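# Build me a structure from this.
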Amino acid sequence: MKKNPTVELKLPILKDMELVATHTSDVVAKHMSLPEEKSAEISMALIEACINAFEHSETKEDIYIHFIISDENLTIKVIDRGVGFDASSIELPNIDQKLKSDERKRGWGLMLIKELMDKVDYESDNTGTTLTMTKNKDTDE
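I've put the predicted structure just below:
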């Protein structure tokens, strides 16, 4: 097998397209012999990442997802060519306060992604955003 093979998806911004990404992540996780719990965490993080790209990028272009497979981990890049965002302007939601209020129960995407994945980085400017998420294969890392 080629070292660090990559699976690439190009998704149009259509309803439920994030499910195509999660089906792909399930196949990749099986190929890597990842436990079901890790596969589920990857799927949840990927759904959040795709929805963020679909809803917040303001792009009409496709979203790109790269699954980079290695012996140690799975790295997933979610790439959009949208307006980007300023990470310093994002406020972490107060979960208790949100649950008790009538305001929308939204805004937890990045926080949830960081909880589900082992490493999360993002680069964003006015030409788009690349979110890079990594899930380690071994649990002791």
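
# any idea which helix or strand carries E123?
In this assignment (DSSP states H and E), E123 forms part of strand 119-125.

# Okay, now the sheet partners of that strand, with direction.
Paired with strand 119-125 in the same sheet, following DSSP bridges, are strand 128-136 (antiparallel).

# what comes into contact with the partner strand?
Under the criterion C-beta atoms under 8 Å, 6 or more residues apart in numbering, residues 34, 38, 41-42, 45-46, 49, 52-53, 57, 59, 72-82, 84-85, 113, 117-124 lie in contact with strand 128-136. In short, each C-beta sits where N, CA and C put it, glycine included.

# Give me the neighbour count for the closest residue in space to G109 that isn't next to it in sequence.
Among residues not flanking G109 along the chain, E48 sits closest, at 4.3 Å (C-beta to C-beta, 6 or more residues apart in numbering). Here the number of neighbours of E48 (other C-beta atoms under 10 Å) works out to 21.

# what comes into contact with the host helix or strand of E48?
According to DSSP H and E, E48 maps onto helix 36-56. Residues lying outside helix 36-56 but in contact with it, judged by C-beta under 8 Å, 6+ apart, are 11, 13, 17-18, 21-22, 25-26, 29-30, 34, 63, 65, 74, 76, 78, 80, 82, 85, 109-110, 112-113, 116-117, 129, 131, 133, 135.
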